[in-house]
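Trainee: Return atomic coordinates for the entry below.
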Amino acid sequence: MALYWSPWPGVNASPTVKTPLLTMTPTRMATVFLALALAHFFSTLIRAMPATLAPTLSSELGLQAQDLGLLGSGYFLGFALMQIPLGAWLDRHGPRTVLLMLLMLAVLGCVGFSVADSFQDLWLARVLCGAGVSACLMGALTGYRNWFDTHDQLRANAWMLMIGSVGMLCATLPVQWLVSTWGWRQLSQAIALCLLLVMACIYFCLPPWTRRPVHGHAPPGYSRVWSNRQFWRVVPLGFFGFGGLMAVQTLWAAPWMVQVGGWSAAESATGLFSINLSMLLCFWIWGWITPELHRYGITVEKLVTWGSPTSHIAMAWLVLQGPTTPSWIPLMLTLFCVCSTFVSLTQSLVGLSFPAHLAGRALSSYNLVIFSGVFTLQWAIGYSIDALQGQGLSLVVAYQWTFGLLCCCSLLAWLFFAVFAAREPA
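Mentor: Numbering: from 1, shown residues only. Next up is the predicted model:
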């Protein structure tokens with residue numbers, strides 16, 4: 001029997017325990033996980049590559065700083081545009097069909113990137129890549145929601161985030177070495193070939209999709225997700241907490257080390273490597289301990305409620321210390337990112353709290369919230385730093401005020417999450 005658990009009262013109108021539509025052996029579960037993990041690995045690798053390729057692209061194609069920023073946004077634009085239709089496709093057709101369809105766009109994007117001779121061609125290729133890999137994580141989480149029981153879902157969800165950290169690690173020093181050996185065009189072609197192999201793994205390893213029966217007469221549309229008060233409970237956490245984590249990890253950690261701590265570019269790259277490695281290990285540990293904690297009554301909701309404030313303490317420590325202890329800055333940033341992984345558990349919370357036939361819509365909707373937070377906060381942090389400098393503050397103080405404001409917004413989001421829970425009827 002598969003446990004059909006919900007930490008949010010009133011979300012599910014179906015019985016508490018259901019017979020699974022698909023029985024999986026441990027070997028079959030491992031095969032499914034590895035096939036989906038490969039897809040997610042390449043999605044994060046493709047996402048993080050432009051930062052490593054930036055010097056090469058600037059020198060070969062004459063790209064300016066604003067061009068590099070727009071090039072990075074192309075991926076996120078394609079990714080974000082697919083999230084709303086993606087949820088309905090996943091619920092209706094299942095991860096295998098949707099992933100095979102969309103990954104072909106990613107293959108075309110990588111090939112187009114490898115032959116591009118202008119900024120416009122590069123940007124369009126990145127849009128295709130973002131759209132093509134947009135289902136890699138949400139497809140996996142939707143599949144786990146329908147194929148695995150609660151404990152296996154918690155472990156698989158955490159380990160998928162660990163695989164994403166592996167992809168981001170490989171997008172740094174390994175990609176730099178391959179670019180110097182092969183060239184960036186040949187590397188893009190190699191990734192396109194790898195994506196074709198991933199598609200073959202998905203085709204042969206993922207089970208066919210069996211749609212969950214819908215109980216009651218309510219249509220399984222997005223209205224049931226976006227009108228649900230409990231979904232809105234985690235929206236601020238996803239926007240400011242999870243979005244703030246990704247904004248710092250993928251962009252603003254390095255400028256803090258360089259401009260506040262006085263580190264060199266090479267030293268900050270080493271600091272970023274340590275941050276990503278720590279995140280990888282943290283998600284690996286979450287995958288092991290979360291199911292065991294759940295067996296003892298420590299649910300995902302409790303972990304998010306009790307653990308999230310530690311990230312606010314870490315951020316406050318970073319802000320208050322400022323440039324006084326530059327050697328400690330990578331440690332403080334790492335501590336903030338690691339403590340923020342409590343917020344990443346909200347993805348499991350959303351997936352478990354809606355009926356299985358709405359899992360794709362719920363997860364893709366929440367993913368849209370997270371990436372909207374990343375887009376907004378990455379821009380807002382830079383805008384705030386420039387604006388505060390325009391008011392006469394020094395660069396270091398502008399950083400401190402901006403990160404302090406981010407900490408306050410994240411704290412308010414957590415308070416909303418905690419208070420909303422206390423006001424729910426038993």
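Trainee: Next, residue 209: secondary structure please.
Mentor: The local conformation at residue 209, judged by DSSP: H, G, I helix; E, B strand; the rest coil, is coil.
Trainee: I'd like to know how far it sits from residue 142.
Mentor: Distance, residue 209 to residue 142, by Cβ to Cβ, to the nearest Å: 10 Å. (Glycine included, C-beta is placed from N, CA and C.)
Trainee: is it true that residue 398 touches residue 388?
Mentor: Yes. Using Cβ atoms under 8 Å, residue 398 is in contact with residue 388, at 3.8 Å.
Trainee: count of residues packed around residue 322?
Mentor: 17 (other Cβ atoms under 10 Å).
Trainee: Then the one 3 residues further on?
Mentor: Neighbour count for residue 325, taken as other Cβ under 10 Å: 11.
Trainee: Next, show the common contact partners of residue 209 and residue 142.
Mentor: A shared contact of residue 209 and residue 142, defined by Cβ atoms under 8 Å, 6 or more residues apart in numbering, is any residue touching both; here these are 94, 95.
Trainee: Those two - which one has more neighbours?
Mentor: Under the criterion of other Cβ under 10 Å, the comparison of residue 209 against residue 142 puts residue 142 first, with 29 against 21.
Trainee: what sits against the more buried one?
Mentor: With contacts taken as Cβ under 8 Å, 6+ apart, residue 142 has the following neighbours: 90, 91, 94, 95, 351, 359, 360, 363.
Trainee: I'd like the distance from the helix or strand that it is a member of to the chain centre, please.
Mentor: Residue 142 belongs to helix 136-147 when elements are defined using DSSP states H and E. Offset of helix 136-147 from its chain centre (Cα atoms, centre = their mean, to the nearest Å): 14 Å.
Trainee: On the C-terminal side of it, identify the next helix or strand.
Mentor: Tracing the chain C-terminally past helix 136-147 and defining elements by DSSP H and E, one meets helix 150-170 next.
Trainee: Show me what that next one is packed up against.
Mentor: Taking 3 or more Cβ pairs under 8 Å, 6 or more residues apart in numbering; DSSP states H and E as the contact definition, the neighbouring helices and strands of helix 150-170 are strand 2-3, helix 26-61, helix 136-147, helix 265-295, helix 346-352.
Trainee: Please tell me how far it is from the chain's geometric centre.
Mentor: Helix 150-170 sits 10 Å away from the centroid of its parent chain (Cα atoms, centre = their mean).
Trainee: ok and that helix relative to helix 265-295, angle-wise?
Mentor: With axes from the mean of the first three to the mean of the last three Cα atoms, to 10 degrees defining the directions, helix 150-170 sits at 180 degrees from helix 265-295.
Trainee: List the buried residues of the next helix or strand after helix 150-170.
Mentor: If you walk from helix 150-170 toward the C-terminus, the next helix or strand you reach (DSSP H and E) is helix 173-181. Of the residues in helix 173-181, those with enough neighbours to count as buried (16 or more other Cβ atoms under 10 Å) are 175, 178, 179.
Trainee: Stretch 50-68 too?
Mentor: Buried residues in stretch 50-68, defined by neighbour count with 16+ other Cβ under 10 Å: 50, 51, 52, 53, 54, 57, 63, 67, 68.
Trainee: I am finished for the moment; much appreciated.
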